[in-house]
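Participant: Build the 3D model from these lines:
(one chain, ligands or ions: 2)
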Amino acid sequence: MKHNFKSGFVTLIGRPNVGKSTLMNHLIGQKIAITSHRPQTTRNRIQTVYTSEEGQIVFVDTPGIHKAKNKLGNYMVRIAERTLTEVDVVLWLVEPTTFIGAGEKHILEQLKKVKTPVILVINKTDKVKKEEVLTFIDAYRKEMEFSEIVPVSALKGDNTDVLISCIMKYLPYGEPFYDEDTVTDQPERQIVAELVREKALRCLEEEIPHGIAVVIESMKFRKGQSAIADIEATIICERESHKGIIIGKKGAMLKRIGSQARPEIEEMLECKANLQLWVKVRKDWRDSDLYMKNFGYNPKDSE
Ligand SMILES: Nc1nc2c(ncn2[C@@H]2O[C@H](COP(=O)(O)OP(=O)(O)OP(=O)(O)O)[C@@H](O)[C@H]2O)c(=O)[nH]1
Ligand SMILES: [Mg+2]
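Facilitator: Residues are numbered from 1 along each chain as shown. Ligands and ions are numbered 1, 2, ... in the order given. Below is the predicted model:
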């Protein structure tokens with residue numbers, strides 16, 4: 001290790017769907033956090049580790065900050081806002097536009113209250129003309145003084161090396177927190193559950209995906225020459241009518257979700273997987289402290 005090694009914690013915050021999880025996955029070079037075109041995909045704090053010669057960055061991906069409509073939403077927003085005071089650098093991700101709406105203003109207020117350096121990351125620059133980016137930078141500069149402003153495309157990987165260098169500037173010197181092989185704090189079971197939820201988010205329509213949780217009932221590894229993981233997972237939904245849609249005609253939808261999730265689970269576990277999915281209804285679970293806790297969203301964790 002170099003004597004001037006740097007290490008620290010960096011949170012990614014922003015409104016839902018701005019690309020926080022996509023950017024974090026890209027920066028560490030692995031898919032750990034699930035992503036989707038739907039807002040409010042990430043529900044928990046997810047830590048990943050980037051280690052180079054120069055230093056170690058512990059990234060903290062967070063749920064999108066939004067106007068919460070239920071207890072789960074409150075939990076998500078609290079989890080996200082709480083990280084602001086716990087880290088060395090904040091990355092605030094925004095869409096490439098000059099429009100600064102109520103959602104952004106709310107985040108600005110939170111950022112102005114903390115002393116942590118804030119790097120504004122204008123993401124999705126692949127969607128706009130290069131010349132336009134300067135106008136977005138100008139619009140945001142008028143709102144607050146940022147430590148840095150870095151335009152990137154998380155999807156294409158444009159300018160993300162510059163972002164890493166900018167982050168390093170603001171990290172303190174110090175020993176690494178994790179050994180260099182560590183990639184995440186997420187247990188395998190949790191990643192498996194999230195991969196199933198991601199496929200459900202991508203396959204299902206309307207309001208159904210938002211009311212889904214996934215619980216791993218059992219995960220056992222068969223011993224022997226060809227390793228196989230036997231996994232039983234339950235998809236929880238909010239209404240009886242949703243259950244029918246998730247199962248689909250003759251089980252077609254459930255099969256589709258399973259067959260999309262399985263290859264990614266196998267890649268992550270590095271063995272074959274036998275995935276069995278079930279569906280259960282837990283009426284309005286997103287407003288129940290007890291159910292939320294059972295499904296991995298303990299309200300106490302956000303206090
Ligand atoms: N064109 C383009 N799309 C992107 C880029 N980054 C992310 N996306 C897309 O934006 C959508 C949302 O990405 P996520 O990474 O799930 O966003 P998020 O901010 O983590 O969302 P929440 O977890 O809901 O808060 C997905 O469809 C991504 O593919 C980018 O640089 N360019
Ligand atoms: Mg996310």
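Participant: give me the low-pLDDT residue ranges for this structure?
Facilitator: Applying pLDDT under 70 to the chain picks out residues 1-2, 225.
Participant: mind redoing it with 90?
Facilitator: 1-3, 180, 205-207, 209, 222-227, 299-303 (pLDDT under 90).
Participant: Strands of that one, start to end?
Facilitator: 6-14, 46-51, 55-61, 89-94, 118-122, 148-151, 213-222, 228-237, 272-281 (DSSP state E).
Participant: Output those strands as a markdown table; include the columns distance to residue 180 and mean neighbour count.
Facilitator: Where C-beta positions appear, they are placed from N, C-alpha and C, glycine not excepted. Output for those, formatted as a markdown table (distance: least, C-beta to C-beta, whole Å; neighbours: other C-beta atoms under 10 Å):
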| stretch | distance to residue 180 | mean neighbour count |
| --- | --- | --- |
| strand 6-14 | 11 | 23 |
| strand 46-51 | 4 | 21 |
| strand 55-61 | 8 | 24 |
| strand 89-94 | 20 | 25 |
| strand 118-122 | 24 | 23 |
| strand 148-151 | 25 | 20 |
| strand 213-222 | 26 | 16 |
| strand 228-237 | 27 | 20 |
| strand 272-281 | 28 | 16 |
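Participant: can you redo these as CSV with distance to residue 299?
Facilitator: Output for those, formatted as CSV (distance: least, C-beta to C-beta, whole Å):
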stretch, distance to residue 299
strand 6-14, 20
strand 46-51, 18
strand 55-61, 19
strand 89-94, 24
strand 118-122, 28
strand 148-151, 35
strand 213-222, 14
strand 228-237, 17
strand 272-281, 21
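Participant: Which one, of the ones you listed, ends up nearest to ligand 2?
Facilitator: The closest of the strands of the chain to ligand 2 is strand 55-61. By C-beta to the ion, the value is 6.0 Å.
Participant: Give me the distance from stretch 185-196 to the chain's centre.
Facilitator: 12 Å (C-alpha atoms, centre = their mean, to the nearest Å).
Participant: circling back: which stretch among the strands of the chain comes nearest residue 248?
Facilitator: Residue 248 sits nearest to strand 272-281 of all the strands of the chain, at 10.1 Å, using C-beta to C-beta.
Participant: which residues touch that closest one?
Facilitator: 196, 217, 226-240, 242-243, 246-247, 254, 257-258, 261-262, 265-266 (C-beta atoms under 8 Å, 6 or more residues apart in numbering).
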